[in-house]
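*Asks:* below: sequence and its predicted model.
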Amino acid sequence: KAGVTQTPRYLIKTRGQQVTLSCSPISGHRSVSWYQQTPGQGLQFLFEYFSETQRNKGNFPGRFSGRQFSNSRSEMNVSTLELGDSALYLCASSLEGQVYNNEQFFGPGTRLTVL
Amino acid sequence: DAKTTQPNSMESNEEEPVHLPCNHSTISGTDYIHWYRQLPSQGPEYVIHGLTSNVNNRMASLAIAEDRKSSTLILHRATLRDAAVYYCILDAGNMLTFGGGTRLMVKP
């Protein structure tokens, strides 16, 4: 079974631009979560989608948004990029929406650099 | 949100057992204890999770204190491939909140 895939793996943008990252979960998984990882803040939860609905949201500004499609693939969008948005963006999928008793499978991440 | 406290780093010799501690004194009755690890240049990887009883799987063992205010991840025989950042996480059913983790260094 293929793992979680994320595209692109690396991305360079300039301030003010917007960016869309893509995540394909493991086949059969309906929950997709997004995390941001930076050296200063560590791993921070962005949001979680389950069956095309955003179920949980972390403490990030509205410039960060996402969506999930009927095939469970998910995209996240960051508008009006700032230098501080440079980070590794990780996507994770799980079978069910509630992760308390479920394993989350992480992708390799998309490394975003904002210049 | 319940928080976890872990040592910043630990060192181990190859082939020896490693005990990684985690304190979570504000844990609630419904919080599961998860452990993930992140190898260099990779996304986090699930290790083990539990609620009240000790748990074993092919990767590790999880020992949970009777009052659930602390837990210990046990790697029975550390290998060089186990060098990673280990995260102890409490989860109440919605999302994983990662702390700083413990960087495990394994010496040959």
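*Replies:* Ah, there it is.
*Asks:* chain B contacts on chain A?
*Replies:* A:4, A:33, A:35, A:42-45, A:48, A:55-56, A:58, A:90, A:92, A:98-101, A:103-109 (CB under 8 Å from any CB of the partner chain). Every C-beta, even on glycine, is put in place using the N, C-alpha and C of the backbone.
*Asks:* from those residues, which land in strands?
*Replies:* Members of these lying in strands (criterion: DSSP state E): A:33, A:35, A:42-45, A:48, A:55-56, A:90, A:92, A:105-106.
*Asks:* just the buried ones among the residues of chain A next to chain B, please.
*Replies:* Buried members of the residues of chain A next to chain B, counted by 16 or more other CB atoms under 10 Å in any protein chain shown: A:4, A:33, A:35, A:43-45, A:48, A:55-56, A:58, A:90, A:92, A:98-100, A:103-109.
*Asks:* before we move on, the earlier item: export the ones in strands among the residues of chain A next to chain B to JSON lines and tack on pLDDT?
*Replies:* Converted to JSON lines, those look like this (pLDDT from 0 to 100):
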{"residue": "A:33", "pLDDT": "92"}
{"residue": "A:35", "pLDDT": "95"}
{"residue": "A:42", "pLDDT": "88"}
{"residue": "A:43", "pLDDT": "90"}
{"residue": "A:44", "pLDDT": "91"}
{"residue": "A:45", "pLDDT": "91"}
{"residue": "A:48", "pLDDT": "91"}
{"residue": "A:55", "pLDDT": "87"}
{"residue": "A:56", "pLDDT": "85"}
{"residue": "A:90", "pLDDT": "97"}
{"residue": "A:92", "pLDDT": "93"}
{"residue": "A:105", "pLDDT": "91"}
{"residue": "A:106", "pLDDT": "94"}
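*Asks:* greatest separation within those: which pair is it?
*Replies:* Farthest-apart pair in those is A:42 and A:55; separation 22.7 Å (CB to CB).
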